[in-house]
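Asker: After the sequence you'll find the predicted model.
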Amino acid sequence: MPTRSTLRSVLFALLAAAALLAAPPPSAAAVFSPESFALANGMQVVVIPNHRVPVVSHMVWYKVGAADEPEGKSGIAHFLEHLMFKGTTNRAPGEFSRIVNRIGGSENAFTSFDYTAYYQNVAKDQLGLMMELESDRMANLSLTQAAVDSEREVILEERRSRTDNSPSALFGEQISAATYLAYPYRIPVIGWENEMHRLSRQDAIEFYRTWYAPNNAVLVVAGDVTADEVRALAEKTYGAIPAREIPDRAARRGQEPRQLAARRLEMDSPRVDQPSWSRRWLASGALWGDAAQTAPLQVLSEVLGGGTTSRLYRSLVVEKKLAVSAGAGYSPDGLGPQVFAVYASPRDGVGLDRLEAAVADEIAALLRDGVTDEEVASAVKRMKREAIFARDDMLAPARLFGQAMAAGRGVAEVEEWPDRIGAVTAAQVVEAAKAVFVPEQSVTAILRPKPAS
Amino acid sequence: MRRTLVLLILAVGLLVRVSPASALDIQEVVSPGGVKAWLVEDHSNPILTLSFSFVGGESSDPAGKEGRARLVSGLLDEGAGDLDSTAFQKALTDNSITLRFNSRIDRFSGRLVTLTETRDKAVELLRLALTGPRFDPEPVERIRAQVQASIRGDLQNPRSIASRAWWGASFKGHPYGRNGDGTLESVSAVTADDLKAFVGAAFARNGLVVSAVGDIDAPALAALLDTVFGGLPEAGSIAPVPDTTPQAVGETMVVQVPVPQSVVVFGHAGIGRDDPDWYAASLLNEIMAGGFGSRLTEEIREKRGLVYGVYAYLLPLDHAALVMGGLATQNARVAESIKILREEWKRMADDGPTAEELADARTYLLGSFPLRLVDSDGTASTLMALQESRLPIDYLDRRAALFQAVTLDDLRRVARRLYRPEELTVVVVGKPDGVAATAPVPQVPGVPSGGG
């Protein structure tokens, strides 16, 4: 919540943004008309013209995130993101940020499990300067011990703000650790506190040297610009950096073993006054499991728990008056195993066991009786319309393409999303529901007040 | 926290950033019925975004019924006219219409986003929401329960506590001292008649501002304005809120809450939007707290690693002007952080900024304006904020000159006026080491008592 550039968000801001738009990784060909190409050194480039105002958004997405960290070094991907603002062999610490400020730009960076991204929004005539500065720190990062030590305190404060001060955020870490037996999504993006204290300058440099290279990055430029302009500038800047051999990150991450037992987490905290309940199941994603299920699962999420006309909200919140909120969530993006989640918060005086039973009833009814063609048609229509709304935004499409391509998906795959959603049938939704609602692959999580002793 | 968040958005909205050559073509549209709006036509997408606000917000909540305006904001789309809650929500969802209302301190605002193909339906739903909200028992109890759950969720949130304590201490006895979210009890006390009373008092054409961006031309917008707003009364009857200044000046209060990181909120009287020194004050705030390179971020975060975020902003309300800020740091380093904050406040007051700082802040404030206009939402809310500040329609063309006219001497003079370290009212929520309270914890709902 602090002012613009002081926030370098970890996962959450982006996920929130992505979740909002993300009903629609929309059809780019039809909606955004992007152009894509690659530089000779392997750096991918996507250009999304939008000539509304003379502004561009310049983003570089690295195909590395928290799920690629070495054992015991949790938080190093995010720490490096912060340290990328600490200067290069050509630029003093903070100089990049001061230049962005002086030209009236805004900038930020964010780290997720699967990617790390840096961006500036600036007047179009500053694009070349941004590429010069961003390509400089792709190759020439220079870190003093003092800068590393001071910034380590900053990320620890960030962890206290986001996580340690919030019981629900602390519980969220426990839930993720229980959701994955082996896959590195079990480790928080910001890092475990005990490991963060020990992150060193050398750890950051090694991570940087291993992963930050043009052939492991995607350049996304959206706004008042053409692909030819971007190509010329990119070849002069990023194009001068040699490619390097990059580890096979999917192989390093390993596989999630078979999950054979339903898990149940309960946390009672004296710092909680409003209880909450949730359940999540391991689910297929665009790059993990059965990709054909992703579009039906997105429609299932919309029918079951998307907004105030969804089944869960109607039943639990409006009709049975058990909950103040209820819904579902699913995103197919990302390299690894995804989750399909349902959640509810009780009205005052309603027991969580009643809430849990009511959610289970809704899911059982859906598996037994299916969904109607009308429900599916209505959800599909809304989701496809979201693609039109997304076109009104300059930054959202840039994020959608960056996120998809950083995970290794192609432009065409993003473009075809509305068609995939449009083809979903009621039978497919039920089939996907049967595949995903497997108790042995679920985690149920309960957060409750604990009376002060 | 919600209050602080709303305030911050408000402040940013008012702190409009202007380009010397903003290409925005703003038309003033006056409907046959006399309703005015600012319009930016843009037919590149089949979307219309409408932003508007009325005079009257959370500061008009009756004592003991705090949360009334917020409840109204959650209930206008839960049944209106012949449509009950279910039918109204279904109409919005089926047509992909976004209709949101937001209660702020002194105003009540709304936003409508619709595709052109569903525009007539959207306009009708908005008209119904403003002129015929039903406030049926089921949705009233449901939304009341949601608001109370949100209050419950914030009861031990240090940011929420800090905000309630700062405002409660600084505006004791004034509506600004009462939190717009209300309390569990005050939200319980609000009746459907109270909600209707707010609608009747606030939704009037006098004081209404409207902006429209997107796929509509002036004649169509004029007709829309009469349809939606033409039936509202000319004058509202919101009880006047008296002008005020903060109390508890210079005090430090500590609310003991067992968290590893203390949350600090600080502030004192500021400079109003219609004050001739507003532009100088905006430049000073940019130099003090405009992100990386600004004094607070450099001294507190970059050099010492004390915080993840430190911020400050000008907050010109309708009945008071403030400069506010905040930071969060581990309990052991709160005293040091506050000390540096005070030193920076004093250094700016004593010496003013450098010529280089002025130049950088000016190019930032002038150059960053187009970033507010990259989408319809940003453009519509910016135009709404300009009108709320009673600025003329050619303001964007003149804004650059207003900032260019500010000299380094102006900044030195205004810095002495704006930054008064001894007047900072500071609230700390946490278990801070070595922070001496000078005043007891204010008796404010939602703030744990018995602190140190």
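Answerer: Looks like it arrived, so ask away. Residues are numbered from 1 along each chain as shown, chains lettered A, B, ... in the order given.
Asker: Can you show me the helices along the stretch 201-350 of chain A?
Answerer: Along the stretch 201-350 of chain A, counting by DSSP state H, counting those that start in this stretch, helices occupy A:201-211, A:227-236, A:249-253, A:294-305, A:311-312.
Asker: what comes up buried for stretch B:381-397?
Answerer: By 16 or more other Cβ atoms under 10 Å in any protein chain shown, the buried positions in stretch B:381-397 come out as B:381-389, B:391, B:395-397. Yep, even glycine has a C-beta here, placed from its N, CA and C like the rest.
Asker: So which of those sit within helices?
Answerer: Judged by DSSP state H, the buried residues of stretch B:381-397 include B:S381, B:T382, B:L383, B:M384, B:A385, B:L386, B:Q387, B:E388, B:Y395, B:L396, B:D397 as members of helices.
Asker: can you tell me which helix or strand the single nearest residue of chain A relative to chain B belongs to?
Answerer: Proximity of chain A to chain B (Cβ to the nearest Cβ) peaks at A:G104, 2.2 Å away. Using DSSP states H and E, A:G104 sits in no helix or strand.
Asker: Distance of the nearest residue to B:F229 once chain neighbours are set aside relative to chain A?
Answerer: Spatially, and ignoring its direct neighbours in sequence, B:F229 is nearest to B:V35 (4.8 Å; Cβ to Cβ, 6 or more residues apart in numbering or on different chains). Distance of B:V35 to chain A, computed by Cβ to the nearest Cβ, to the nearest Å: 25 Å.
Asker: residues in contact with B:V35?
Answerer: Contacts for B:V35 (Cβ atoms under 8 Å, 6 or more residues apart in numbering or on different chains) come out as B:R205, B:L208, B:V210, B:L225, B:D226, B:F229, B:G230.
Asker: what do you get for B:G230?
Answerer: With Cβ under 8 Å, 6+ apart, B:G230 has these contacts: B:S31, B:G33, B:V35.
Asker: can you do 7 Å?
Answerer: B:G33, B:V35 (Cβ atoms under 7 Å, 6 or more residues apart in numbering or on different chains).
Asker: cool, B:V30 as well?
Answerer: B:K36.
Asker: what is it paired to in the beta sheet?
Answerer: B:K36 (DSSP bridges).
Asker: Next, check the contacts of B:V35 against the helices and list the overlap.
Answerer: Of the contacts of B:V35, the ones assigned to helices by DSSP H are B:L225, B:D226, B:F229.
Asker: and the second one, how many residues sit next to it?
Answerer: When you say that, I think you mean B:D226. By other Cβ atoms under 10 Å in any protein chain shown, the residues close to B:D226 number 14.
Asker: Is it correct that it is in contact with B:G33?
Answerer: Yes - here B:D226 reaches B:G33: they are 4.2 Å apart, a contact under Cβ atoms under 7 Å.
Asker: Could you chop the chain up by domain?
Answerer: As the question left the chain open, I've gone with chain A. Using automatic domain parsing, the domain ranges for chain A come out as A:32-253, A:263-449.
Asker: let's do chain B instead
Answerer: Listed domain ranges for chain B are B:2-12+B:20-229, B:252-371+B:391-430 (source: automatic domain parsing).
Asker: one step back: who's in contact with the residue of chain A closest to chain B?
Answerer: Counting by Cβ under 7 Å, 6+ apart, A:G104 has contacts A:A123, B:T363, B:Y364, B:L366, B:G367, B:S368.
Asker: What of A:D348?
Answerer: Counting by Cβ under 7 Å, 6+ apart, A:D348 touches B:A145, B:Q148.
Asker: how close does it sit to A:A323?
Answerer: 11 Å (Cβ to Cβ, to the nearest Å).
Asker: B:E234 now?
Answerer: Per Cβ to Cβ, B:E234 is found 43 Å from A:A323.
Asker: So for these two, which sits in the more crowded spot?
Answerer: Each of B:E234 and A:A323 has its neighbours counted (other Cβ under 10 Å); A:A323 has more, 29 against 8.
Asker: what bridges to that one?
Answerer: Residues in a beta bridge with A:A323, per DSSP bridges, are A:P346.
Asker: my guess is it contacts A:L355, does it?
Answerer: Yes - if you go by Cβ under 7 Å, A:A323 and A:L355 touch, sitting 6.1 Å apart.
Asker: Name the residues contacting each of those two.
Answerer: Going by Cβ under 7 Å, 6+ apart, residues that sit against A:A323 and also against A:L355 are A:A344, A:P346.
Asker: Make CSV out of the domains of chain A and add distance to B:L184 and mean pLDDT.
Answerer: Converted to CSV, the domains of chain A look like this (distance: least, Cβ to Cβ, whole Å; pLDDT from 0 to 100):
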stretch, distance to B:L184, mean pLDDT
domain A:32-253, 19, 97
domain A:263-449, 9, 96
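Asker: what residues are up against B:V265?
Answerer: B:A162, B:S163, B:W166, B:G326, B:V427.
Asker: rewinding a little: also near chain A: which of the buried residues of stretch B:381-397, exactly?
Answerer: Among the buried residues of stretch B:381-397, not one lies near chain A by Cβ under 7 Å from any Cβ of the partner chain.
Asker: from those residues, which is closest to B:A80?
Answerer: Ranked by distance to B:A80 (Cβ to Cβ), those are led by B:M384 at 22.6 Å.
Asker: Quick check: residues of the stretch 251-400 of chain A near chain B?
Answerer: Within the stretch 251-400 of chain A, the positions adjacent to chain B are A:271, A:273-274, A:307-309, A:317-318, A:324-325, A:345, A:347-348, A:378, A:382, A:385, A:388-389, A:391-394 by Cβ under 7 Å from any Cβ.
Asker: Please check those residues and keep the buried ones.
Answerer: The neighbour-count criterion (16+ other Cβ under 10 Å) marks A:271, A:273-274, A:308-309, A:317-318, A:324-325, A:345, A:347, A:378, A:382, A:385, A:388-389, A:391-394 among these as buried.
Asker: Which residues are in contact with residue 183?
Answerer: Using chain A. By Cβ under 7 Å, 6+ apart, the contact list for A:Y183 reads A:R253, A:E256, A:G336, A:P337.
Asker: You answered for a different chain; I wanted chain B.
Answerer: For B:T183, the contacting residues are B:E66, B:I151, B:P445, B:G446, by Cβ under 7 Å, 6+ apart.
Asker: Residue 246: what's its closest spatial neighbour, skipping adjacent residues?
Answerer: With no chain named, the answer covers chain A. A:N216 (4.7 Å).
Asker: switch to chain B, that's the one I care about
Answerer: Excluding the flanking residues, the one nearest B:P246 by Cβ to Cβ, 6+ apart is B:S170, at 4.1 Å.
Asker: Next one: the one you found, what pLDDT does it get?
Answerer: We have a pLDDT of 98 for B:S170.
Asker: Please tell me I have it right and it contacts B:Q247.
Answerer: Yes - counting by Cβ under 7 Å, B:Q247 is a contact partner of B:S170 at 5.8 Å.
Asker: Which one of the two is surrounded by more residues?
Answerer: Each of B:S170 and B:Q247 has its neighbours counted (other Cβ under 10 Å); B:S170 has more, 27 against 15.
Asker: Would you mind measuring from the more buried one to B:V249?
Answerer: 8 Å.
Asker: Can you add mean neighbour count and distance to B:A145 and give the helices of the stretch 201-350 of chain A back as JSON lines?
Answerer: Listed next are the helices of the stretch 201-350 of chain A as JSON lines, based on neighbours: other Cβ atoms under 10 Å in any protein chain shown; distance: least, Cβ to Cβ, whole Å:
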{"stretch": "helix A:201-211", "mean neighbour count": "18", "distance to B:A145": "47"}
{"stretch": "helix A:227-236", "mean neighbour count": "17", "distance to B:A145": "51"}
{"stretch": "helix A:249-253", "mean neighbour count": "14", "distance to B:A145": "43"}
{"stretch": "helix A:294-305", "mean neighbour count": "26", "distance to B:A145": "19"}
{"stretch": "helix A:311-312", "mean neighbour count": "22", "distance to B:A145": "16"}
